[in-house]
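# just need the structure, nothing else, for what follows:
(chains A and B)
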Amino acid sequence: MRPEGLLLRRELSIALRSPLAWLQAALSALLVGHGFVLAVDLYAAASRSVGANVLMARELDPLFGVVAPTLGGLSVAISLLAPLVGARAIAIEKERRTWDSLLLQVGSPRPVLSAKLAAALAAGSLQLVAPLLLLGAWVALGGHLGAGETLVALLGHALQLGWIVAASFAAAAFARTFAQALAASLVVVIASWAIDASEGLAALAWLGAALRFSVSTQLAPFERGIVPLSGLVFFVGLSAAAFALAWASRRRAVALAGVALAGVALFGAGSSRAWDLTELTRLSLPPAAVRELRALEQPISVTVELDRDDARRQQLERDFLTRLRLARPDARVEFPPDGRPAIEGDRTEGYGRISVSAGAQSRETFSTSRRELTTLIFEAAGRPLPSWEQPDYPGYPLVVEGTRRTVVLLWAYLLVPGLLAAAGVLACRSPPRRRSR
Amino acid sequence: MSVALSLEGVSVRRGGRTLLHAVSFEVTAGEIVALIGPNGAGKTTALEAAVGLSAHDGEVTAAPLYWLPDEPAPAAELTVAQHLELGRALGGAGHAEAQALRHRLGLDGLSDARCGTLSRGESRRVMLHGALCSGRPLVVMDEPLGTFDPVQLREVAGALREKARGGAAVLLSVHQLADAEKVADRYVMLHEGRALAVGTLAALKRQAGLAAGSLEDVFLALLGAGRAA
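Numbers count the residues shown, from 1 in each chain, chains lettered A, B, ... in the order given. The predicted structure follows:
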């Protein structure tokens, strides 16, 4: 076997026979399970109120109602627990005093670091087992899941896991101890949370400009079934940069590659190109409108006079702007209030106005309706609104109650974490020790 | 014999202190050289400079090497058999050679034990197996003989000599002079970061002006002269 294969086997054995790997998976399962139970209960309550109303039933979307909240718990678990396995890969060797010896034995840091990172990712990936088992239970209960969109949501969290593991791995390459590496990793996690909090906390408002660099911002499209180029570049680029940084701890010259990769990741985070993999491409504008928008030669721009914390702006972002960017990634979107000092109550007369333009022509409205805004774009371009026909998403109401709910509770709080803990005990148990003298 | 390791005027400074003062010595293929000296003499510092783990002035030329630090712990998650096999495969040793070494180091009965359950001495023997299985022409070890009983020490010394007979150069630091005498062909005696003497026991005796005596007698004589100087 080649040295790379031998190293990978060694590292996988060390990572997957560590009680810590299974403990983080079991704790993560509890967090994810709790999110799943809450989501199933809320979904059941909403489904009960729908009754036979077809229009209301269309609003019941398992991706938003069950998958996203379940994976929300996973996101927290990854942020808090994945550093344990990421940092341990290198820190444990340092604490055992075998790190330098291993690197010298192999002769090059790259194969050692690659094998260690791969093993840490494998151990971290144990956190993905619980959501898979829980979403499997949802299907077993008769719930609906769109395969593509669910996989996209899971992909986003797998990428987040990769980034957190790689970041803590890099921290361990420079730290002397496991505790130092963990502390440094948590600083990265908390920095991302602080950026998220900047939206609602005046003291952190200065971080608002960095919002697109937060993990939550980059994860959001994945949770909605959209594959954004920005998110792919952000997570893959930062993970690669972290790996290069870990490598630079032994070969300084590689640091430049790390800085370049981080630059690409942060620059790429601003990309608007994305792919809608939702069932019936329901997050896109109607197919005819998409075709015609792409056929327009004029540049499209949208100017939104709404504050960052305004619910209308958030709704506009989720709805029209997401759909517009899917059709026209080159569309320019500006929010002038972001550049003004935020003084409570100081809102200009034109606050709430949305201007759309196609080439030199522009139109204005105070409506956030996607149809209204699309119509105005075509008006400005001198074209009629194309057919607005789009297949209706049927919606999938599901009431889980009685015995079935009890099964959900047992599955989420007991069986899934218990299965992971039991698997951990089996993987980590010491074989009977035989001594022959 | 070819030179596997050469230190030429190597100095190490850390935190404003000079830990090693222009130390020079060589280790050639097929010999075992022991770094000896009192606590704080600079043995570990010299070894770390030799293997490239610490910044230094002066010239170090080393063949591809295997480094065994002081008190390393084998991966607690692996069984002894897994650890030894991975070490053998990475080191490029043959199965028969590794098996013979395992037997010699008294590791046969520990194959199924998790490394995390081993005693200090057992761990040290497991780590030593990896060093001796290595196909590298130079093996550098920091205090590898620390916790062995006389019987084990004899076996380990035999294994080290066999390694050297196979053409490897072995450099090790040894705290116990009696142990060093059992193992090494030549000695580098360090005191306060300086090499007081380099050579065989006979050469050191000549330098100390002793007609007879053990390594310890020579050490004390040279140390006394070094302190007086």
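# same question for stretch A:299-308, mean pLDDT?
Averaging pLDDT along stretch A:299-308 gives 93.
# any buried residues in that stretch, and which?
A:Ile300, A:Ser301, A:Val302, A:Thr303, A:Val304, A:Glu305, A:Leu306, A:Asp307, A:Arg308 (16 or more other Cβ atoms under 10 Å in any protein chain shown). Glycine gets a C-beta too; all of them are placed from N, C-alpha and C.
# can I assume the last one sits in a strand?
Read that as A:Arg308. No. With DSSP: H, G, I helix; E, B strand; the rest coil as the criterion, A:Arg308 is coil rather than part of a strand.
# what distance do you get for it to A:Pro337?
7 Å (Cβ to Cβ, to the nearest Å).
# that older thread, could you identify the most distant pair in the buried residues of stretch A:299-308?
Within those, A:Ile300 and A:Asp307 form the most distant pair, 23.0 Å apart (Cβ to Cβ).
# after the strand or helix carrying B:Leu19, next one along is what?
Counting by DSSP states H and E, the element that carries B:Leu19 is strand B:17-28. Counting by DSSP H and E, the element after strand B:17-28 in chain order, helix or strand, is strand B:32-36.
# give me the angle between that following strand and strand B:17-28.
Interaxial angle of strand B:32-36 relative to strand B:17-28 (axes from the mean of the first three to the mean of the last three Cα atoms, to 10 degrees): 160 degrees.
# just the mean pLDDT for strand B:32-36, thanks.
Here the average pLDDT along strand B:32-36 is 96.
# average model confidence for whichever helix or strand comes after it?
The element immediately downstream of strand B:32-36 (helix or strand, assigned by DSSP H and E) is helix B:43-51. Averaged across helix B:43-51, pLDDT comes to 95.
# packing partners of helix B:43-51?
Contacts defined by 3 or more Cβ pairs under 8 Å, 6 or more residues apart in numbering or on different chains; DSSP states H and E place helix B:43-51 against strand B:3-14, strand B:17-28, strand B:32-36, strand B:57-62, strand B:138-142, strand B:169-173, strand B:186-191.
# and that helix, how far from the chain's centre?
Distance of helix B:43-51 from the chain centroid (Cα atoms, centre = their mean, to the nearest Å) equals 10 Å.
# low-scoring stretches of chain A, by residue?
Counting by pLDDT under 70, the ranges of chain A that qualify are A:199-209, A:341-347, A:431-437.
# ends of stretch B:28-37, what's the gap?
Using Cα to Cα, to the nearest Å, the end-to-end distance of stretch B:28-37 comes to 21 Å.
# can you report phi and psi for whichever residue of the stretch 151-300 of chain A sits closest to chain B?
The minimum distance from the stretch 151-300 of chain A to chain B, using Cβ to the nearest Cβ, falls at A:Arg250 (10.8 Å). Taking degrees, to the nearest 10, you get phi -110, psi -30 for the backbone angles of A:Arg250.
# neighbours of it, how many?
Per other Cβ atoms under 10 Å in any protein chain shown, the neighbour tally for A:Arg250 reads 16.
# what does chain B have sitting close to chain A?
Applying Cβ under 8 Å from any Cβ of the partner chain, we find that chain B lies next to chain A at B:51-53, B:64-79, B:82, B:86, B:89-91, B:108-114, B:116-117, B:130, B:134, B:136.
# mind checking which of those residues are buried?
Buried members of these, counted by 16+ other Cβ under 10 Å: B:51, B:53, B:65-70, B:72-79, B:82, B:86, B:89-91, B:110-111, B:113-114, B:116, B:130, B:134, B:136.
# spatially nearest residue to the residue of the stretch 51-200 of chain A found nearest chain B (excluding sequence neighbours)?
The stretch 51-200 of chain A approaches chain B most closely through A:Arg96 (4.1 Å), counting by Cβ to the nearest Cβ. Leaving aside its chain neighbours, A:Arg96 sits nearest to B:Ala73 (4.1 Å; criterion: Cβ to Cβ, 6 or more residues apart in numbering or on different chains).
# so for chain B, the centremost residue is which one?
Ranked by distance to the mean C-alpha position of chain B (Cα atoms, centre = their mean), the top residue is B:Leu172 at 1.5 Å.
# so what's that one bridging to?
B:Ala34, B:Met141 (DSSP bridges).
# how near is the spatially most central residue of chain A to A:Phe213?
Nearest to the centroid of the C-alpha atoms of chain A, with distances taken as Cα atoms, centre = their mean, sits A:Leu219, at 2.8 Å. Distance of A:Leu219 to A:Phe213, given as Cβ to Cβ: 12 Å.
# strands of the stretch 101-250 of chain A, start to end?
A:226-228 (DSSP state E, counting those that start in this stretch).
# show me which residues of it are close to chain B?
The stretch 101-250 of chain A has residues A:Ser101, A:Leu104, A:Gln105, A:Val106, A:Gly107 near chain B, with proximity defined as Cβ under 8 Å from any Cβ.
# what count of nearby residues applies to the first one?
Read it as A:Ser101. 22.
# next one: B:Gly224
Residues within reach of B:Gly224, counting by other Cβ under 10 Å, total 11.
# so it, which state does it fall into?
Secondary structure, three-state DSSP: B:Gly224 is helix.
# so what pLDDT did it get?
At B:Gly224, pLDDT is 79.
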